[in-house]
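Engineer: sequence plus the predicted model coming up.
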Amino acid sequence: MLGTLTSMSLRKTLIQAASSALRPAALLGAGSTAPEFDLQDHTNQRIRSEDLKEAFHYILVFYPGDDTPGCTLQLRAFSQLRDEFAAQDCKIFGVNPAGPDSHARFVDKCALSIPLLVDSDRSLAQAYQTARPGIPRTFRAVFLIDKRGIVRSAMKDMPEPSALLALVTRSNQTGYKGSGRRGRQKVPEVSSYGLRKVLSNEQEARVLDIREAVDWRAGHIPGALNIPIDELKERIHELPDPRRALIICCTQGLRASGAAHILDQAGWRNLYKLTDGMEAYRGELVRAEAESG
């Protein structure tokens, strides 16, 4: 009996090691532009990312196989929260290369309530870096994409659906307040890593540093524009095209929302905030000489 258990444990360890070696080193990161897709689901309905944009957040659950224990557990957990996600304008899709008939049997047998997309050639999984060309396997990963088509969360394995629901809820619009005036839209936050991904994926993206000039000169993100928040309304014409992505940073992240509100009213929509500001930033900084005179 002991020998059997040892053999099973060794086999499991070897399978996990092989899986780790075959899996792409890193997922498509938060802050990236979400790859577009045009796929059929298990009912042969056409699902296009372009149709979701502006109207819905969506979650893509990449999973290895239909009707397997781990995948059943994961997709049932998301199915149980489908209505709560729907209340936050968020759709959920499972993604796997199996055909519509296999997906339909899986949905019926396990009473799933979310669509399963047919990624027959694993092209979508490869675009999200959770599959490799030539390797017949989709690795388990979950992505949250916002209404603008930006990846907000990228996680391997089986993250808790409730944690993703909380993330969607926090990032949603606040709606209308009691005064009848439009509620302020919450601007997505990015970490230091997410900031680098936005800058690398959107070539015209810029960083707006709203600290005082003395703080900016002491150390700032390379290429950052410096307009103190108290001067922002008067100097807003100095900013690049409103269609470009703009990442706002301050000292602790506390004043970035105010700057985002000013920019939103002036027509900027592709906005981000640096999480916890420059005090939490981990990355290259440059110094600037104080102005003479």
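Structural biologist: Yep, that arrived.
Engineer: partner residues bridging residue 90?
Structural biologist: Taking DSSP bridges as the rule, residue 90 bridges to residue 57.
Engineer: run a quick neighbour tally on it.
Structural biologist: Neighbour count of residue 90, defined by other CB atoms under 10 Å: 25. Where you see a C-beta, it was placed from the backbone N, CA and C, and this is true even at glycine.
Engineer: show me the contacts for it.
Structural biologist: 56, 57, 58, 59, 165, 168 (CB atoms under 8 Å, 6 or more residues apart in numbering).
Engineer: got a list of contacts for stretch 153-161?
Structural biologist: By CB under 8 Å, 6+ apart, the surrounding residues in contact with stretch 153-161 are 27-30, 70, 73-74, 77-78, 80-81, 128, 130, 139-144, 164, 167.
Engineer: now do 7 Å
Structural biologist: Stretch 153-161 has contacts (CB atoms under 7 Å, 6 or more residues apart in numbering) with 27-30, 74, 77-78, 81, 140-144, 164, 167.
Engineer: next one: stretch 38-53
Structural biologist: By CB under 7 Å, 6+ apart, the surrounding residues in contact with stretch 38-53 are 34, 36-37, 58, 91, 93, 100, 103-104, 107, 115-119, 124, 147, 149.
Engineer: now the buried members of these.
Structural biologist: Using 16 or more other CB atoms under 10 Å as the burial test, these include 34, 37, 58, 91, 93, 100, 103-104, 107, 115-119, 124, 147, 149 as buried.
Engineer: give me the subset of those lying in strands.
Structural biologist: Among the buried ones among the contacts of stretch 38-53, the members falling in strands (DSSP state E) are 58, 91, 93, 116, 117, 118.
Engineer: tell me the spacing between the closest residue to residue 59 other than its chain neighbours and residue 153.
Structural biologist: Leaving aside its chain neighbours, residue 59 sits nearest to residue 92 (4.7 Å; criterion: CB to CB, 6 or more residues apart in numbering). Note on residue 92: its distance to residue 153, by CB to CB, to the nearest Å, is 13 Å.
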